[in-house]
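Undergrad: Fold the following and give me the result.
(one chain, ligands or ions: 1)
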Amino acid sequence: MRQHRRTTRILGSLLLVTAAGAFAVGAAPAGGTPEGDTPTPLGRVIPAPASVKTGGAPYRITDSTRIHVDDSREARRIGTYLADVLRPSTGYRIPVTDRQGTGIRLKLGSKDASLGDEGYRLDSGRQGVTITARKPAGLFHGVQTLRQLLPAAVEKDSVQPGPWLVAGGTIKDTPRYGWRGAMLDVSRHFFTVDQVKRYIDQLALYKVNKLHLHLSDDQGWRIAIDSWPRLATYGGSTQVGGGPGGHYTKDDYKEIVRYASSRFLEVVPEIDMPGHTNAALASYADLNCDGVAPPLYTGTEVGFSSLCVNKDVTYDFVDDVIRELAALTPGRYLHIGGDEAHSTSHDDYVKFMDRVQPVVAKYGKTVIGWHQLTGATPAKGALAQYWGLDRTSAEEKERVAAAARAGTGLILSPADRIYLDMKYTEDTPLGLAWAGLVEVKRSYDWDPGTYLPGAPGSAVKGVEAPLWTETIVTPANIDFMAFPRLPGVAELGWSPAATHDWDAYKVRLAAQGPRWDALGIGYYRSPQVPWTAAG
Ligand code: ACM
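TA: Just a heads-up that it's a prediction; the model follows:
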């Protein structure tokens with residue numbers, strides 16, 4: 001039985017109440033794209049900024065607009081990124097310069113400690129728009145806000161008429177959580193480097209900062225491991241439904257990491273163990289307790305495979321895989337899965353996790369596991385990724401909450417809220433429904449801070465939206481399942497709880513529709529969202 005939380009919040013409206021709001025939020029038609037000389041209201045951004053003060057004249061980007069950056073490689077790179085967004089649609093030259101001047105200014109080294117590592121301040125007025133931050137990530141997030149303040153047509157790749165106005169006022173913005181993730185399952189269906197980059201660009205627009213790649217499962221092993229080459233060449237040679245599958249070479253993976261990092265996302269690689277391992281077991285007979293390699297698997301059942309917990313070669317394998325993957329991964333985390341180990345006894349599961357977690361630490365990484373890891377002993381500093389449902393037993397929830405009270409950090413991915421592969425309605429042509437049907441409101445309308453009974457709010461490190469790909473084959477399929485739910489997850493991760501209000505959110509969400517059209521993102525036109533006719 002699914003339960004809908006029905007909380008009434010009035011705080012959301014407070015955020016947007018300001019003094020001299022010449023261009024106050026709501027000045028444009030609800031859900032509409034402001035037209036002509038009416039700029040997008042300053043607060044009409046996803047994720048909702050922490051604080052917005054509207055007022056003053058708008059800034060207008062013209063053919064003489066320059067982007068003035070600090071004399072630093074990072075600021076110049078972010079300035080160039082912004083210019084690359086602006087040039088095709090405005091048709092303007094938009095030079096990036098480290099000379100001082102008015103126009104668009106990107107400044108690092110803010111002394112305002114309250115901005116943290118990811119926060120920014122955006123000041124807009126007749127003379128220009130200035131984004132300041134302490135760190136490059138903050139500057140980049142500020143640029144995403146600026147993008148959303150411009151008309152949707154700015155995203156097009158051909159020259160558009162404009163005008164290109166940015167409403168006057170000040171935004172000061174920092175994230176609620178440091179972990180704002182998205183997971184892509186590249187095992188059930190393989191996605192190429194370019195397809196992953198496309199998703200990274202979509203995530204960056206909403207200030208998502210972690211890309212979790214589910215690199216191995218029963219159906220495919222997707223990362224080259226030099227010491228066990230058949231994992232990729234054989235274990236990666238098919239996928240659900242029997243297609244050719246594929247894998248990332250080490251250079252491919254490095255390119256994903258580089259590209260993600262250029263958009264301030266950290267790649268979190270996952271090797272799922274000890275279950276979900278048929279592709280590995282099929283590649284090396286030795287890894288099986290009976291020494292017999294099973295065939296490759298292209299179905300969608302779960303829970304039938306297990307590494308052989310009582311063989312030493314299993315730990316040679318784990319050590320090699322983790323060593324090679326850790327060496328390729330600059331980020332702090334390595335995800336070891338641990339879910340649905342239905343073919344591993346409890347004792348074996350505990351034994352396995354007791355031996356494997358120290359290997360992750362040995363290679364300098366921090367463990368993440370699906371929340372079943374709390375049924376073993378999570379290593380110090382480990383994070384557990386909770387993927388339960390409203391109907392998950394109180395006992396299981398309490399086990400996770402107890403681990404959280406004892407110091408295990410939580411990433412929340414409740415499957416009946418933010419699994420992006422769940423169908424929206426019975427009629428959704430893609431996706432699964434085992435966790436329930438998840439319409440847009442249900443996906444948005446919960447609070448990570450109070451979600452898991454008995455878990456302290458301080459244990460919650462953030463949220464992550466997994467996209468499992470049993471039924472997801474193409475980038476268009478990703479678009480349809482992620483949009484419009486993904487921006488809501490990003491907002492749950494970024495915006496203060498006080499801004500959280502479905503009725504206000506759905507208007508901001510509707511305003512994103514034309515932007516997705518301009519970007520070529522085919523989204524689900526949920527009847528819960530007041531889309532404009534054009535969008
Ligand atoms: C999961 O959905 N098995 C983590």
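Undergrad: Can you pull the phi/psi pair for His346?
TA: The phi/psi pair for His346 (degrees, to the nearest 10) reads phi -60, psi -40.
Undergrad: Tell me how many other residues crowd the closest residue to the ligand within the stretch 301-450 of the chain.
TA: Residue of the stretch 301-450 of the chain nearest the ligand, by CB to the nearest ligand atom: Asp339 (4.0 Å). Heads up, the C-betas are built off the backbone N, CA and C, glycines and all. Residues lying near Asp339 (other CB atoms under 10 Å) number 18.
Undergrad: Show me which residues of the chain are close to the ligand?
TA: For the chain, the residues in contact with the ligand (CB under 6 Å from any ligand atom) are Asp339, Glu340, Trp370, Trp387.
Undergrad: closest to Met422 among those?
TA: Nearest to Met422 among these is Trp387, at 11.6 Å by CB to CB.
Undergrad: residue boundaries of the strands in the stretch 301-450 of the chain?
TA: Residue ranges of the strands in the stretch 301-450 of the chain, as given by DSSP state E, counting those that start in this stretch, are 333-337, 366-370, 383-386, 409-412.
Undergrad: likewise the stretch 51-200 of the chain?
TA: Using DSSP E, counting those that start in this stretch, strands in the stretch 51-200 of the chain cover 51-54, 59-61, 67-69, 96-97, 103-107, 120-125, 128-132, 164-166, 169-173, 179-185.
Undergrad: could I get the residues of the chain next to the ligand as TSV with pLDDT?
TA: As requested, the residues of the chain next to the ligand are exported to TSV (pLDDT from 0 to 100):
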residue	pLDDT
Asp339	98
Glu340	97
Trp370	98
Trp387	98
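Undergrad: which of those residues sit farthest apart?
TA: Greatest spacing in the residues of the chain next to the ligand, by CB to CB: Glu340 and Trp387 (10.0 Å).
Undergrad: re the thing from before, now mean neighbour count too, for the strands of the stretch 301-450 of the chain, in JSON lines please.
TA: Formatted as JSON lines, these follow (neighbours: other CB atoms under 10 Å):
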{"stretch": "strand 333-337", "mean neighbour count": "24"}
{"stretch": "strand 366-370", "mean neighbour count": "25"}
{"stretch": "strand 383-386", "mean neighbour count": "26"}
{"stretch": "strand 409-412", "mean neighbour count": "26"}
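Undergrad: any chance of these in a markdown table, with distance to Trp494 too?
TA: Shown next, in a markdown table, are those (distance: least, CB to CB, whole Å):
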| stretch | distance to Trp494 |
| --- | --- |
| strand 333-337 | 19 |
| strand 366-370 | 20 |
| strand 383-386 | 19 |
| strand 409-412 | 14 |
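Undergrad: Could you verify my assumption that Asp421 touches Ile478?
TA: No - the criterion here is CB atoms under 8 Å, and Asp421 misses it with Ile478 at 9.9 Å.
Undergrad: which residues do the two both contact?
TA: Listed as contacting both Asp421 and Ile478 by CB atoms under 8 Å, 6 or more residues apart in numbering are Leu467, Ile472.
Undergrad: mind listing what's buried in stretch 42-57?
TA: Going by neighbour count (16 or more other CB atoms under 10 Å), the buried part of stretch 42-57 is 42-56.
Undergrad: Listing request: residues of the protein with sub-threshold pLDDT.
TA: 1-36, 533-535 (pLDDT under 70).
Undergrad: just the helices in the stretch 351-500 of the chain please.
TA: Counting by DSSP state H, counting those that start in this stretch, the stretch 351-500 of the chain has helices at residues 394-405, 415-418, 440-444, 475-482, 485-494.
Undergrad: can I get those helices in CSV with mean neighbour count and distance to Ile131?
TA: Putting these into CSV (neighbours: other CB atoms under 10 Å; distance: least, CB to CB, whole Å) gives the following:
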stretch, mean neighbour count, distance to Ile131
helix 394-405, 17, 36
helix 415-418, 24, 29
helix 440-444, 22, 27
helix 475-482, 21, 27
helix 485-494, 27, 16
